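Chemist: Have a look; sequence and predicted model below, questions after that.
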Amino acid sequence: MVISAPELGLVLDVLPDRNKETLLKWLEERGIEWCAAVQYACSDMWDAYQQAAEQKLPNARRVVDRFHIMKNLNDALTKARRTIQKDADEKTKELLKGCRWLLVKNRENLTEEQEKQLADMLKASPELKQCYELKEAFRDLFNQNLTPKAAEKRLRRWVTKVEALSFKALKAFVNTLQNWWQQILNYFDGRFNNGFAEGVNLKIKMLNRRGYGYRNFNSFRLHVLVAFDPLSR
């Protein structure tokens, strides 16, 4: 588990596992004043992180990382596409074969050829077109400079559209949204996400490869902390 302060560009620590008890202990060691000063706590939807933040960071707004939310939606879209493909005629099945990456990739990153292929797929399947447009509308919502109140209004309209469809996978995603509703809306307050942490994870993988692995966790932890120490840059 990596704990970072993105606004400072710092890795605060590296913990040996993802257990709630480990994180609670680390927060306790920081002290009551330190914990009270934390304003935002952003993580993925792992319950241990969110519960630990709720218990030990009394003044922090808890945020669910937008990119993990989007991953959940892309997984739901993939399941919906499989259902559509299974029930489609042979010609449509052939068009939809191997199309997952076209559906989940950000549209502005598609090549001209991929854009044409996507257009043919969506033309062949109005149901898939509905699902894809909902996915893009959801992604666009997070790219807008909205207040939490405005974001909630748009999100509720989006949920209403999904509930009008028959796809169980997308409705299951709505359940996920509702379970994390406030943490999702908190994103629009400070617009914090795990982008910095993901970059840290990539650099850690490079350090691990460069060191051909480490014999013990403490050595690994120290190498990571030194790599992100401002004085070593």
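Modeler: Structure's in. What do you need? From a predicted model like this one, the values you see are computed outputs, not experimental measurements.
Chemist: which element follows the lowest-mean-pLDDT helix or strand in the chain toward the C-terminus?
Modeler: Among the helices and strands of the chain, helix 195-210 carries the lowest confidence by mean pLDDT, DSSP states H and E, at a mean of 79. For helix 195-210, the following helix or strand on the C-terminal side (DSSP states H and E) is helix 217-227.
Chemist: by how many degrees do that next one and helix 195-210 diverge?
Modeler: Put simply, helix 217-227 runs at 120 degrees to helix 195-210, going by axes from the mean of the first three to the mean of the last three C-alpha atoms, to 10 degrees.
Chemist: For helix 217-227, list every residue counted as buried.
Modeler: Across helix 217-227, burial judged by 16 or more other C-beta atoms under 10 Å covers 220-221, 223-224. To be clear about C-beta, it is placed using only N, CA and C from the backbone, and glycine gets the same treatment.
Chemist: Quickly find the element holding the residue nearest to the spatial centre of the chain.
Modeler: Residue closest to the average C-alpha location in the chain (C-alpha atoms, centre = their mean): H68, at 1.5 Å. Taking DSSP H and E as the definition, H68 sits inside helix 66-87.
Chemist: Now tell me what touches that helix from outside.
Modeler: Helix 66-87 is contacted from outside by 44-45, 92-93, 96-97, 99-100, 103-104, 125, 127-128, 131-132, 135, 138-139, 142, 167-170, 172-173, 176-177, 180, 184, 187, 193-195, 198, using C-beta atoms under 8 Å, 6 or more residues apart in numbering.
Chemist: again with stretch 19-27
Modeler: With C-beta under 8 Å, 6+ apart as the criterion, stretch 19-27 contacts 1, 3, 13, 15-16, 35, 47-49, 51-52, 55-57.
Chemist: List buried members of those by neighbour count.
Modeler: Here, 16+ other C-beta under 10 Å leaves 1, 3, 35, 48-49, 52, 56-57 buried among the contacts of stretch 19-27.
Chemist: and of those, the nearest to E112?
Modeler: Y49 (41.1 Å; C-beta to C-beta).
Chemist: How is that closest one assigned, secondary-structure-wise?
Modeler: Assigned by DSSP: H, G, I helix; E, B strand; the rest coil, the conformation of Y49 is helix.
Chemist: all helices of the chain, in order?
Modeler: Ranges of helices within the chain are 20-30, 32-37, 47-56, 66-87, 90-96, 100-104, 112-124, 126-143, 148-163, 168-179, 181-185, 187-190, 195-210, 217-227, based on DSSP state H.
Chemist: Could you pull up the mean pLDDT of the longest one?
Modeler: If you average the pLDDT over helix 66-87, you get 92.
Chemist: in it, what's buried?
Modeler: So helix 66-87, judged by 16+ other C-beta under 10 Å, has buried residues 66, 68-70, 72-74, 76-81, 83-85.
Chemist: and if you look at the shortest one?
Modeler: By neighbour count with 16+ other C-beta under 10 Å, helix 187-190 contains the buried residues 187-188.
Chemist: And the fifth one, by the same measure?
Modeler: By 16+ other C-beta under 10 Å, the buried positions in helix 90-96 come out as 92, 95-96.
Chemist: can I get the CA coordinates of it in PDB?
Modeler: Output in PDB follows, covering the C-alpha atoms of helix 90-96 (Å, rounded to 0.1, in the frame of the first residue of the first chain):
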ATOM      1  CA  GLU A  90     -24.700 -13.500 -37.300                       C
ATOM      2  CA  LYS A  91     -23.800 -10.400 -39.300                       C
ATOM      3  CA  THR A  92     -24.000  -8.200 -36.200                       C
ATOM      4  CA  LYS A  93     -22.100 -10.800 -34.100                       C
ATOM      5  CA  GLU A  94     -19.200 -10.700 -36.700                       C
ATOM      6  CA  LEU A  95     -19.100  -6.900 -36.500                       C
ATOM      7  CA  LEU A  96     -19.000  -6.900 -32.700                       C
END
